[in-house]
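# Predicted coordinates and the sequence they were generated for:
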Amino acid sequence: MTSPLPSLPAASVLDLAPVVPVVVIEVAADAVPLARALVAGGLSAIEVTLRTPAALDAIRAVAAEVPDAMVGAGTVLTPQQVTDSVAAGARFLVSPGWTDALLESMRASGVPFLPGVSTTSEVVALLERGVREMKFFPAQAAGGTAYLKCLAGPLPQARFCPTGGIGPHNAPEYLSLPNVGCVGGTWMLPADAVAARDWGRIETLAREAAGLRRSG
Ligand code: 3PG
């Protein structure tokens, strides 16, 4: 069954939602109740990372059974994973870094994508290839908001989804930057809550995350 949601216009991942939950799923059967909890809390753009054997089945299940979710694939590292993710129903693609082969397959997939960068030269190389929207990873370790502020001077046309080390304490500062479209992270999905299938707690954390606003 295919999702009834319309296709996204290209390059709009950053404008889907201010906060994108990054899901690492061990049990595919947990994906639907987990996604429903996130959507109920107000987080409907959901990145399921391809870090576990359950990930593609999880994407397939959410795409088929949670029509209010916009499910995407994260940690996409190879052209084969691009193909498999889109076939499973992923509506957007995210990678922690990029190569030309990966970039070309993402471009050819027809769905919006965010290649990952952590250095200025990687940003310049993506701009040279016509890509202006990217993931900034690992955000805190790579320089955080101070780094992104510096990039906005010479490279104002690049826009970012920072992830890695982001939580309620620093998300508003990231979201206040003109070159940040959204932030991603796992903080609303604590491992103990997922293991306990405590969907109520995850819904509460999702609601708090969805309420985060730009600071200042
Ligand atoms: C990602 O893949 O985007 C990050 O691993 C999320 O990082 P976090 O666990 O620090 O939020």
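Here it is on my side, so go on. This one's a predicted model, so the numbers in the text were calculated from it and none came from an experiment.

# where's Glu173, which helix or strand?
Using DSSP states H and E, Glu173 maps to helix 171-175.

# again but with Ser85, I slipped
Here Ser85 is assigned to helix 79-88, by DSSP H and E.

# Does the next helix or strand after that helix reach the ligand?
Proceeding N to C from helix 79-88, the next assigned helix or strand is strand 93-94, under DSSP H and E. No - contact of strand 93-94 with the ligand (Cβ under 6 Å from any ligand atom) is absent, the minimum separation being 7.4 Å. Every residue, glycine included, has its C-beta placed from N, CA and C.

# Now strand 93-94: average pLDDT?
Mean per-residue pLDDT for strand 93-94: 97.

# Show me what it packs onto, helices and strands only.
Packing partners of strand 93-94 (3 or more Cβ pairs under 8 Å, 6 or more residues apart in numbering; DSSP states H and E): strand 70-74, helix 79-88, strand 113-114.

# Excluding its own residues, what touches that strand? List them.
Residues outside strand 93-94 that contact it (Cβ atoms under 8 Å, 6 or more residues apart in numbering): 13, 47, 72-76, 82, 85-86, 106, 109, 111-114, 116, 135, 161, 184.

# same check, this time on stretch 114-121
13-14, 92-98, 102-103, 106, 123, 126, 131, 133-138, 142, 151, 155, 161.

# Make a PyMOL selection of the buried ones in the residues you listed.
Burial among these is assessed by 16 or more other Cβ atoms under 10 Å; the matching PyMOL selection reads:
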select buried, resi 13+14+92+93+94+95+96+98+102+103+106+123+126+131+133+134+135+136+137+138+142+151+155+161
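
# Show only the entries of the contacts of stretch 114-121 found in helices.
Leu102, Leu103, Met106, Val123, Leu126, Leu151 (DSSP state H).

# tell me the secondary structure for the residue most central in space within the chain?
By Cα atoms, centre = their mean, the chain has its centre lying nearest to Glu47, at 4.6 Å. Secondary structure of Glu47, reduced to three states by DSSP: H, G, I helix; E, B strand; the rest coil: strand.

# For it, give me the pLDDT.
Reported pLDDT for Glu47: 98.

# now do Thr78
98.

# Check Val13 too.
pLDDT, Val13: 85.

# Check whether it really touches Met106, as I assumed.
No - applying Cβ atoms under 8 Å as the test, Val13 and Met106 come out as separate, 11.2 Å apart.

# anything in contact with each of these two?
By Cβ under 8 Å, 6+ apart, the residues touching both Val13 and Met106 are Phe113.

# how far does stretch 35-53 sit from the chain's center?
Centre-to-centre, stretch 35-53 and its host chain are 9 Å apart (Cα atoms, centre = their mean, to the nearest Å).

# The ligand contacts on this protein?
So the chain meets the ligand at Val22, Thr49, Gly74, Phe137, Thr163, Gly164, Gly165, Ile166, Gly184, Gly185, Thr186, Trp187 (Cβ under 6 Å from any ligand atom).

# quick one: contacts for the third one?
Contacts for Gly74 were tallied using Cβ under 8 Å, 6+ apart; they are Val22, Val23, Glu47, Val48, Thr49, Leu50, Leu93, Val94, Ser95.

# dump the residue contacts of the nearest residue to the last one once chain neighbours are set aside.
This points to Ser95. Using Cβ to Cβ, 6 or more residues apart in numbering and skipping the chain neighbours, the partner closest in space to Ser95 is Val76 (4.7 Å). For Val76, the contacting residues are Leu50, Val82, Ser85, Leu93, Val94, Ser95, Leu102, Met106, Phe113, by Cβ under 8 Å, 6+ apart.
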